[in-house]
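# structure here, sequence nowhere to be found:
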């Protein structure tokens, strides 16, 4: 399972449903893009330490961007930016899920629903 930023943020903010769902997936994976998106939302080093500590508790594997992920994401932006406003981060996360043959757990299904071959599970807080 590849978990999207939004689900992790819900959990970090205390949403029990997100926390329980994530706990049921341990160990799981995230894209390096997800990691960076969450870190960019931190307000201080204390929040960052809590986040990094939680990743360790969950035994999270962070998937780096490689040539195949980059190439697939580039095609997603070409194919879907004009029609669906596909953003770089979402293209990279979707490409990571497909290349790793993982299901993406996300609350933002509208960002991804137009991508063929992407397996998704929807989270509703």
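Thanks, I have the structure now. Predicted model only: the values in this text are computed from it and were never measured.
# for the chain, just list every one of the helices.
Using DSSP state H, the helices found in the chain span residues 5-12, 16-25, 32-40, 45-57, 67-84, 88-99, 109-112.
# pick the most buried one from these.
Mean neighbours per residue, mean count of other C-beta atoms under 10 Å, is largest over the helices of the chain for helix 88-99, with a mean of 23. Backbone N, C-alpha and C define where each C-beta goes, glycine included.
# so what secondary structure elements neighbour that one?
strand 2-3, strand 29-31, helix 32-40, helix 67-84, strand 104-106, helix 109-112 (3 or more C-beta pairs under 8 Å, 6 or more residues apart in numbering; DSSP states H and E).
# can you put the helices of the chain in JSON lines and add distance to residue 125?
Shown next, in JSON lines, are the helices of the chain (distance: least, C-beta to C-beta, whole Å):
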{"stretch": "helix 5-12", "distance to residue 125": "5"}
{"stretch": "helix 16-25", "distance to residue 125": "6"}
{"stretch": "helix 32-40", "distance to residue 125": "16"}
{"stretch": "helix 45-57", "distance to residue 125": "18"}
{"stretch": "helix 67-84", "distance to residue 125": "23"}
{"stretch": "helix 88-99", "distance to residue 125": "19"}
{"stretch": "helix 109-112", "distance to residue 125": "13"}
